[in-house]
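[1] Test case, fold it:
(one chain, ligands or ions: 1)
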Amino acid sequence: MDMDKLVALCRRRGFLFQSSEIYGGLNGFWDYGPLGVELKRNIKDAWWRDMVSGHNELVKPAGAPTTYEMVGLDAAIIMHPQVWKCSGHFDLFCDMMVDCKVCKGRWRADHLQSAECPQKPSKRPGEFEKCQLTEPREFNLMFKTIVGAMGGEEDAAFLRPETAQGIFVNFKNVCDSTRVKIPFGIAQVGKSFRNEITPRNFTFRSREFEQMEIEFFCHPTSSRKWYEYWRDRRMKWYTDLGLAGERLRLREHDKDELSHYSVGTADIEYAFPFLAAGEYGELEGIAHRGDFDLRSHMEGKLVKNAEGCLEVEMMEGPDGKKMPKHRGSGRDLTYRDETSNERFTPHVIEPSAGADRGTLAFLCEAYHEDQAPDDKGNMQTRTVMKFHPRIAPVKAAVFPLVKKDGMPEAAKEIYIALKRRFVTFYDEKGAVGRRYRRQDEAGTPFCITVDGQTLQDGTVTIRDRDSLEQWRVKSADVVEEVTKRVEV
Ligand code: GAP
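    Residues are numbered from 1 along each chain as shown. Have a look, this model is predicted:
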């Protein structure tokens, strides 16, 4: 698939625009247009419904060790700065960057193919003979801001680089305010911000993006089983929504890639068309995080000691005595099992997905060019976005064949009935073949046409976007017919 064609379609049809485009754009920021906002919302809604609101805590899902509960959360984007000190982001959330002293360009050190400035080939010959890259330097990816009108450096805060920490710091609040019992998960969808050194590949690496994260709390003895359950459950979610081909894969991290506290991490990856052959980009990570996060927020920032165990990182205080480098909240974030009376720090499984990367993968997967007959029956190349009906931005379009003989009135009646249930589009302009083409590009699964026969027998045609099959149903049955096919 040609990525340039997809990018052009996204702009032309209103899926995605460059942010602040009229001012030349801002690198790493994107706006979702009328079709894009519906697509991304459908993906987030499908995730929320399948993971949270539609989860039935009375029934054990296939592959799950036991039944479990799921609840939601919406935490603030700006949190107490100590959160990021204890989570490790303040000290460790850095990329190594290098600058070119000649062209003033800046790159992530791990993205450079050689010790040369990548701009070199695109400039005039000889211009970069004295080209020099600086030594790699650390660059913290968190966006800094100042809280309050009188604020100085001591009032500095950060835009969250992940939604996860909002869940950890509310663990006790959720336990105390609901009746959830371990095992249970807390889910959150929201914006995260990372000052990426080289945002690129359309929305794949952005500076502002949305995450869909679950922190699943369980007993340490069952955490490996829960990790395996979430890894497989999340993979199935993407395949069920249409990322079913070879471009999607699940990759378990090698033992030496794992964090010291983790028994397993897997990435769900997609072979995006902008990557080299054989390369995959991460859509979601499923990580076993042990008790690292809750302990860090209780005790202070943890590091691994010589024996490989986690302990609070210490530093020399003003009086020469050792003190914690970053103090925790001091709150008790352990959990007491009411039946066994056992008190323990829960282990955490974290399925962490990117809503924008998911949206981009569904856009790439949906893009097809095939042959379809035009108004005169001649075969023409059409561009069609084959979205799964659940995530398609517009579910149905209604057309009167011509703008006379009562057809617009009959079509509008069907449109009004459908619109109560779904995002529906009404179009009476131009040749009907052209109207079908526009809906194919938008990925609308069903087009309903009111024609001469409608006025005689009350039936309309429904056209399937992918098979191009057309069949007739009674006008009164259209809503039921479309509902049956969209809510699969
Ligand atoms: N709490 C764990 C965490 O944030 P991560 O692998 O850094 O883990 C999770 O991020 C997901 O967020 C990624 O798999 C990706 O889908 C998305 N993501 C991360 N950085 C991104 C960026 N700069 N632009 C778009 N999506 C991003």
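[2] So which residues of the stretch 301-450 of the chain form strands?
    With strands called from DSSP state E, counting those that start in this stretch, the stretch 301-450 of the chain shows them at 302-304, 310-312, 314-316, 322-324, 335-336, 343-344, 347-354, 367-373, 379-385, 396-400, 424-426, 446-450.
[3] low-confidence ranges in the protein?
    120-130, 260 (pLDDT under 70).
[4] mind giving me the domain ranges of it?
    Following automatic domain parsing, one gets these domains for the chain: 3-79+161-361, 394-486.
[5] circling back: for the strands of the stretch 301-450 of the chain, which one sits closest to G285?
    Of all the strands of the stretch 301-450 of the chain, it is strand 347-354 that lies closest to G285, at 5.2 Å by C-beta to C-beta. Placement of C-beta: from N, CA and C, glycine included.
[6] who wins for proximity to F168 among the strands of the stretch 301-450 of the chain?
    For F168, the closest of the strands of the stretch 301-450 of the chain is strand 347-354, at 8.0 Å, according to C-beta to C-beta.
[7] need the contact list for V423.
    When the contact criterion is C-beta atoms under 8 Å, 6 or more residues apart in numbering, the partners of V423 are E38, P393, V394, K395.
[8] Wait, G33 touches Q18, no?
    No. Between G33 and Q18 there is no contact under C-beta atoms under 8 Å: 10.9 Å.
[9] Show me which residues of this protein are close to the ligand?
    162, 164, 194, 196, 205-206, 209, 211, 213, 282-285, 350, 352-354, 356-357 (C-beta under 6 Å from any ligand atom).
[10] The residue in the stretch 201-350 of the chain that the ligand sits nearest to: neighbour count?
    Residue of the stretch 201-350 of the chain nearest the ligand, by C-beta to the nearest ligand atom: F209 (3.6 Å). Here the count is done by other C-beta atoms under 10 Å, and F209 has 21 residues near it.
[11] Torsion angles phi and psi at it?
    Taking degrees, to the nearest 10, you get phi -150, psi 170 for the backbone angles of F209.
[12] partner residues bridging it?
    S192 (DSSP bridges).
[13] Surely Y68 touches F184?
    Yes. Y68 is within contact range of F184, at 5.8 Å (criterion: C-beta under 8 Å).
[14] where do the contact lists of those two overlap?
    With C-beta under 8 Å, 6+ apart, Y68 and F184 have common neighbours F216.
[15] The closest residue to E215 other than its chain neighbours: neighbouring residues, count only.
    Ranked by C-beta to C-beta, 6 or more residues apart in numbering and with sequence neighbours excluded, the top spatial neighbour of E215 is I167, at 4.4 Å. The local packing of I167 (other C-beta under 10 Å) involves 24 other residues.
[16] Could you do the one 5 residues further on as well?
    Burial of K172, expressed as a neighbour count using other C-beta under 10 Å, amounts to 18.
[17] residues in contact with the one helix or strand it maps to?
    Applying DSSP states H and E as the criterion places K172 in helix 171-177. Contact with helix 171-177 is made by V71, L73, V180, I186, E215, F217, L294, R331, D332, L333, Y335, as judged by C-beta under 8 Å, 6+ apart.
[18] measure the third one to K412 for me?
    Noted for V180: a distance of 48 Å to K412, by C-beta to C-beta, to the nearest Å.
[19] show me what contacts whatever residue of the chain ends up closest to the ligand?
    In the chain, the residue that lies nearest the ligand is G354 (2.1 Å; C-beta to the nearest ligand atom). The contact partners of G354, by C-beta under 8 Å, 6+ apart, come to F209, E210, Q211, M212, E282, L283, E284.
[20] Now do the end-to-end distance for stretch 242-262.
    31 Å (C-alpha to C-alpha, to the nearest Å).
[21] next SSE after the helix or strand harbouring M70?
    Here M70 sits within strand 69-72, counting by DSSP H and E. In the C-terminal direction, the helix or strand that comes right after strand 69-72 (DSSP H and E) is helix 81-87.
[22] same for that next one, what does it pack against?
    Here helix 81-87 touches helix 89-92, strand 156-158, helix 164-169, helix 292-299, going by 3 or more C-beta pairs under 8 Å, 6 or more residues apart in numbering; DSSP states H and E.
[23] Just the residues contacting that helix, thanks.
    90-91, 93, 142, 156-158, 161, 165, 168-169, 293, 296-297, 300-301, 326-329.
[24] change it to 7 Å
    90, 142, 156-158, 165, 169, 296-297, 300-301, 326, 328 (C-beta atoms under 7 Å, 6 or more residues apart in numbering).
[25] Just the buried ones among those, please.
    F90, M142, A157, F158, Q165, V169, S296, H297, G300, K301, H326, G328 (16 or more other C-beta atoms under 10 Å).
[26] I'd assumed L73 was in contact with I186.
    Yes. Counting by C-beta atoms under 7 Å, I186 touches L73, with 5.3 Å between them.
[27] Which neighbours do the two have in common?
    With C-beta under 7 Å, 6+ apart as the test, I186 and L73 both reach I167, V174.
[28] Name the stretch among the strands of the stretch 301-450 of the chain that sits most buried.
    strand 396-400 (a mean of 27; mean count of other C-beta atoms under 10 Å).
[29] ok, and what's touching that strand?
    Contacts for strand 396-400 (C-beta under 7 Å, 6+ apart): 407-408, 411, 414-415, 418, 422, 424-428, 432, 435, 439, 444, 446-450, 482.
[30] you'd agree M315 is up against K325?
    Yes. Between M315 and K325 there is a contact at 4.5 Å, judged by C-beta under 7 Å.
[31] for the helix holding K172, which positions count as buried?
    Neighbour count says helix 171-177 has F171, K172, V174, C175 buried, by 16+ other C-beta under 10 Å.
[32] quick one: which of those residues is nearest to R200?
    F171 (35.6 Å).
[33] Return the distance of that closest one relative to F362.
    Taken as C-beta to C-beta, the span from F171 to F362 is 32 Å.
[34] Contact partners for T198?
    W107, R108, H111.
[35] helix or strand for it, which one?
    T198 belongs to no helix or strand, assigned by DSSP H and E.
[36] Check S467 too.
    Per DSSP H and E, there is no helix or strand for S467.
[37] For I197, give me its contacts.
    I197 touches D95, M97, R106, W107, R108, F139, counting by C-beta under 7 Å, 6+ apart.
[38] and of the residues you listed, the nearest to R233?
    D95 (31.1 Å).
[39] is it true that that closest one touches R108?
    Yes. Using C-beta under 7 Å, D95 is in contact with R108, at 5.2 Å.
[40] Comparing those two, which residue is more hemmed in?
    D95 (20 against 16).
[41] Need the three-state assignment for the more buried one.
    D95 carries the three-state label strand when classified by DSSP: H, G, I helix; E, B strand; the rest coil.
[42] any idea how far it lies from T163?
    20 Å.
[43] Would you enumerate the residues in contact with the most centrally placed residue in the chain?
    Closest to where the C-alpha atoms of the chain average out (C-alpha atoms, centre = their mean) is A355, at 1.5 Å. Counting by C-beta under 7 Å, 6+ apart, A355 touches K40, I43, K44, V189, E210, Q211, M212.
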